[in-house]
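**Student:** Provided below are the primary sequence and the corresponding predicted coordinates.
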Amino acid sequence: MMADDRDWAFSMAYNAILQATRALMFTKGFRPGTGEGQHKIAVQFAEIALGEKFQDEIYIFDKMRSKRHRVIYDVSGIISLKEARQALEFTVKFVDKVVELVDIGKDQEK
């Protein structure tokens, strides 16, 4: 599928990161908003919640946010196969880290 629709693969990878970040927001007692600006707010929240240790990951998350916006609303067909693959690989690592943090938070609540 990725070779057929790289834009879609990239967008779905980004969405997984967004949803993982939203889940983290919920576990910290915040309710993510809806509507305009919610994606940027998620990136800003991740930057604060994850801290300096995740600086590189947050940078990539924000770049993916910006590119995904262009793909969805401006220009289609701009994602290369290499970029789609890299996005998927990054997404797996990012989501795994967030899941680990959420699980650690659950353990600390007990």
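**Tutor:** Done, it's in. Quick caveat, the model's predicted, so the values are computed rather than measured. Numbers count the residues shown, from 1 in each chain.

**Student:** ok, which stretches of the chain are strands?
**Tutor:** Ranges of strands in the chain, per DSSP state E: none exist.

**Student:** So which residue is smack in the middle of it?
**Tutor:** Nearest to the mean C-alpha position of the chain, by C-alpha atoms, centre = their mean, lies I17 at 2.4 Å.

**Student:** surely that one meets R68?
**Tutor:** No. If you go by C-beta atoms under 8 Å, I17 and R68 don't touch, sitting 9.7 Å apart. From N, CA and C alone the C-beta is placed, and that goes for glycine too.

**Student:** Any regions of this structure where pLDDT drops low?
**Tutor:** 1-4, 104-110 (pLDDT under 70).

**Student:** Against which helices or strands is the lengthiest helix in the chain packed?
**Tutor:** Longest helix in the chain, counting residues (DSSP state H): helix 81-109. Contacts defined by 3 or more C-beta pairs under 8 Å, 6 or more residues apart in numbering; DSSP states H and E place helix 81-109 against helix 6-27, helix 55-73.
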